[in-house]
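Colleague: The following comprises the amino acid sequence and a computationally predicted model.
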Amino acid sequence: MENETHPTNFIRAIIDKDIESGKYEKTVHTRFPPEPNGYLHIGHAKAICLSYGIAEDYNGLYNLRFDDTNPVKEETKYVESIKADIKWLGFDWENRLYFASDYFDTLYDYAVKLIKDGKAYVCDLNAEEIREYRGTLTEAGKNSPYRNRTIEENLELFEKMRNGQFENGKCTLRAKIDMASPNINLRDPIMYRILHTNHHRTGDKWCIYPSYDFTHGQCDSLENITHSLCDISFENHRPLYNWFIENLDIFPTTQIEFARLNITYTIMSKRKLRELVEGNFVNSWDDPRLPTLSGLRRRGYSPTAIRNFCDKIGLAKRISTVDLALLEYTLREDLNKIVPRVMAVLDPLKVIIDNFPEEQTDEMTAINNPEDESAGTRIVPFSKILYIEKNDFMEEPPKKFFRLSPGREIRLRYAYFVKCESVDKDETGNITAIHCTYDPETKGGSAPDGRKVKATMHWVSAKHAIDAEIRLYDNLFTVQDPAAEDDFKDFVNPNSLKILKNCKLEPSLKNAKPEEKFQFERLGYFCADRYDFSSENPVFNRTVTLRDTWAKIQKQQNKKKKM
RNA sequence: UGGGAUGUCGUCUAAUGGUAGGACAGCGGAUUCUGGUUCCGUAUGUGAGGGUUCAACUCCUUCCAUCCCAGCCA
C-alpha cells in the first residue's frame, strides 16, 4: 500500500501483514492521543503524520483523543492550542474528537469488573510503602498486605474511594498481577488514585482518577483502534495493556512502538519546553525559536514543509537525532516554490548615484517568483538615493569577494549597472555613504554591449522605502544535544534573537498581511509576524536564511587567517 | 547486576540469503540578473569476534556499546 508521497516503513509492513491475514475485519483505524498539558511540537507532528497519514493512505479513519486523566496538570487552553495546531498541519478528525474523560464511567465499570473477578484490590499502602514493596530492578517485590482482601471488601472500599470518603493518597486501586514480574509494570500497577481536584471537563464529578496505564489501552479498545502507534518508552507497558485487554475481554488493539524525533540544536521534551517558557528564556509557547508547532508557524514554517520533513526522516525504533539541516532543507524546498521574492535591506548603507537626476523615479519591473511564472511581476521604484546592504560593500575586498568596492561595477537587480566612485566617511573613519555612477544604457539590468558583471545586488530606493523591524532568529542552543548536558538551560544561545530596527523594505510590502511569507532576495525567507505585524508597524521574522556559499567561503578564509 | 529494546556512510534511512542504495550534510564542476534555484560528478558505512552457506546487513553463536523501566506522571 505504498504511494508516492509517503515512503514505506516497518509499521506499514506490519499493517500490510495484518490486512493480508485478516486480523481485523474493519479498516485501519488510528489515533493521536495528546495530554493537554502543553503545546505540540514537531516531534508530535511526526507522530501525527504517521498515524494520520497511515489512516489516510489505507482509507481508514483517525481519531483525536485527549488523554486527560490527570486533572492536576491539564487545562482547556492546551486542548484548544492542540486542536488548532493539528488543523494547521492540515488534518481533520471530523467528528472523531474524544477525551479519555469521556470514558470515566466505563473505566470505573471495568475496574469494578476486575475487582469482582478477583483481579484488582484496594491497597492502603502509602506512596512510600508502595515503592518499598515494589522491589527493585534486580529484586522481586513483595505482596501488599492488602492484596487478599475479599471481593466484597474491595467493592465497598472502591465505592468509598469514589464517594470521597478518603483523603488524597489514603489508598489506591491496584491490579493483582505479579509482584515478582521482571517487568516492573506488572507488579500490581495502580489503576486508580484519589485526587480531590476539579477536572477541566468533568468538574467535581470525580475524586478518583484512572491512571494512564489503566486508561490508554482501554480507550484505544473502546474506539476500535486497530493500530495504536506510540513512543518506544511504552514498549515495557504493552504487556500490561494486553493484560487489561485480555482480562476485560475487549477489542484487541495492536500497539506498535517507534522512536521519537530528536533534532540537533533543540529540545523536544514538553517538560523542558515548559521550563524555557516559564523561566522566560523565550517569550511564550509560540516563540519562533521553539520547535513547537505554533512557534514554527510564527517563525514562518509552512505545514507542507513540516509534513514533507516527517516523510523524509523515515521511521525506525532506534533512537536517533536528525540534523537540523534536513529540516531547513525541506523548508527552503517548499518556500522556494511558493513564496514571492521582494527586496529588503536589513543593514542599510546609503548609496548616492551621482549622475542620476535628482527628482527622477524610474519604475523597474521585477519578477515575483522565478520558480512560478504565474506569480507575475511588480514595479519597484528606483531613484538617486538608495540603500544597499552594508556587507555588500568592502573598501578593501578580499579574494573571491565579487560585490561592490571602489572602482568596481556591479548590477543592481532589475535596475542598472552602477560603479563605485568614492566613499564618504565621518571623523572616526566610518563609512557614511558611497557614491556611484550608473550607466543609463543598462536599464533593466543588462548591458547592450554585452559586458558582464560579477555580482547582482538587491537595493531599496531611500525615499520610497518602508521602515521595518526585523527579527533574526538563530538556533536556540549553542550545542547539538542540549538535553545531554547537566542543565540544558546553560546552553541557550544568547544570540538566538536579534532585533533589527532600521530595516528598509521595498514599498510593495505595504500590502503584506500577518503570516504572509516572502523571500527577501539574497537574504532568506521572512514572514510577517502573526501578532505584531501591522502596516503601520511592520515586523518580519526571519524564517531561515538562504543557502549562503559566500558565508562558507568567508568562514574558510577566516580559518586560514587564524592558521 | 533483572527485564525490554536498539546498533548500516558525518546524520537520517533502504536492502529480510544474491551488486550495500537514497536523502541531507561535505567536496568538485556547469548554468544563473539572487554567491538562491537547477543540473552533473564525487568520497565515506553494515558495533566486534567466531560459525553455517557457493553467497551473510540478513541465519546461528559469543561478546561489546547505547537507550528504556523501580511516579498515586503521561
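Modeller: Right, received. Where do you want to start?
Colleague: since we're on A:N369, how many residues are nearby?
Modeller: For A:N369, the count of nearby residues is 17 (other Cβ atoms under 10 Å). All C-beta atoms are positioned from the backbone trio N, CA, C, and that covers glycine.
Colleague: For it, give me its contacts.
Modeller: A:N369 is in contact with A:I338, A:V339, A:P340, A:R341, A:A375, counting by Cβ atoms under 8 Å, 6 or more residues apart in numbering.
Colleague: can you tell me which two in the residues you listed are farthest apart?
Modeller: Largest separation among the contacts of A:N369 by Cβ to Cβ: A:I338 and A:R341, giving 11.4 Å.
Colleague: So which of these two has more stuff around it?
Modeller: A:R341 (20 against 15).
Colleague: which phi and psi does that one have?
Modeller: With angles defined as degrees, to the nearest 10, A:R341 sits at phi -90, psi 150.
Colleague: Excluding chain neighbours, what is closest to it?
Modeller: A:Q519 (4.8 Å; Cβ to Cβ, 6 or more residues apart in numbering).
Colleague: Quick one: list the elements packing against the helix or strand that contains the one you found.
Modeller: Here A:Q519 sits within strand A:517-520, counting by DSSP states H and E. Under the contact criterion of 3 or more Cβ pairs under 8 Å, 6 or more residues apart in numbering; DSSP states H and E, strand A:517-520 touches helix A:324-338, strand A:341-342, strand A:524-528.
Colleague: looking at these, which is buried most?
Modeller: strand A:524-528 (a mean of 25; mean count of other Cβ atoms under 10 Å).
Colleague: Can you tell me which helices and strands the following helix or strand past that strand packs against?
Modeller: The helix or strand immediately downstream of strand A:524-528 is strand A:539-545, counting by DSSP H and E. Where contact means 3+ Cβ pairs under 8 Å, 6+ apart, strand A:539-545 is packed against helix A:293-299, helix A:324-338, strand A:466-473, strand A:524-528.
Colleague: Now do the buried residues in stretch A:109-126.
Modeller: A:Y110, A:A111, A:V112, A:L114, A:I115, A:K119, A:A120, A:Y121, A:V122, A:C123, A:L125 (16 or more other Cβ atoms under 10 Å).
Colleague: quick one: the second one is in a strand?
Modeller: Translated: A:A111. No. Assignment of A:A111 by DSSP: H, G, I helix; E, B strand; the rest coil gives helix, placing it outside any strand.
Colleague: looking at it, it is touching A:L157, isn't it?
Modeller: No. A:A111 is beyond contact range of A:L157, at 11.9 Å (criterion: Cβ atoms under 8 Å).
Colleague: Extract the C-alpha trace of stretch A:102-113 and format it as CSV.
Modeller: In CSV, the C-alpha atoms belonging to stretch A:102-113 read as follows (Å, rounded to 0.1, in the frame of the first residue of the first chain):
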residue,chain,number,x,y,z
ASP,A,102,-15.5,10.6,28.2
TYR,A,103,-14.8,7.1,29.3
PHE,A,104,-14.5,7.6,33.0
ASP,A,105,-17.8,5.8,33.7
THR,A,106,-16.8,2.9,31.5
LEU,A,107,-13.4,2.7,33.1
TYR,A,108,-15.0,2.7,36.5
ASP,A,109,-17.2,-0.2,35.4
TYR,A,110,-14.1,-2.0,34.1
ALA,A,111,-12.4,-1.6,37.4
VAL,A,112,-15.4,-3.0,39.2
LYS,A,113,-15.4,-6.0,36.9
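Colleague: Could you check how far the residue in chain A that RNA strand B sits nearest to is from A:E373?
Modeller: When scored by Cβ to the nearest atom of the strand, chain A has A:G445 as its residue closest to RNA strand B, at 2.0 Å. Per Cβ to Cβ, to the nearest Å, A:G445 is found 18 Å from A:E373.
Colleague: And these two? Which one has more around it.
Modeller: A:G445 (17 against 10).
Colleague: That one: helix or strand, and which one exactly?
Modeller: Per DSSP H and E, there is no helix or strand for A:G445.
Colleague: any idea how far it lies from A:L273?
Modeller: Taken as Cβ to Cβ, the span from A:G445 to A:L273 is 47 Å.
Colleague: And for A:P357?
Modeller: For A:P357, the distance to A:L273 - Cβ to Cβ - is 57 Å.
Colleague: Neighbour count: those two, which is higher?
Modeller: The neighbour comparison of A:P357 against A:L273 (other Cβ under 10 Å) goes to A:L273, with 22 against 10.
Colleague: Surely that one and A:N37 touch.
Modeller: No. Contact between A:L273 and A:N37 fails when scored by Cβ under 8 Å: they sit 11.1 Å apart.
Colleague: RNA strand B contacts on the stretch 51-200 of chain A?
Modeller: A:67, A:69-70, A:72-73, A:125-127, A:130-131, A:134-138, A:168-169, A:171-172, A:182-185, A:190, A:193-194 (Cβ under 7 Å from any atom of the strand).
Colleague: on that earlier part again, number of nearby residues for the residue nearest to A:R341?
Modeller: A:Q519: 24 neighbours (other Cβ under 10 Å).
Colleague: check contacts around it.
Modeller: A:L335, A:N336, A:V339, A:P340, A:R341, A:V342, A:Y525, A:F526, A:L546.
Colleague: Next up, the contacts around the third one.
Modeller: Which is A:V339. A:N369, A:K517, A:F518, A:Q519, A:Y525 are the contacts of A:V339 under Cβ under 8 Å, 6+ apart.
Colleague: try the fourth one
Modeller: Taking Cβ under 8 Å, 6+ apart as the definition of contact, the neighbours of A:P340 are A:N368, A:N369, A:A375, A:F518, A:Q519.
Colleague: can we see that at 6 Å?
Modeller: A:N368, A:N369, A:A375, A:F518 (Cβ atoms under 6 Å, 6 or more residues apart in numbering).
Colleague: so which strand or helix has the second one?
Modeller: What it means is A:N369. With DSSP H and E as criterion, A:N369 is part of no helix or strand.
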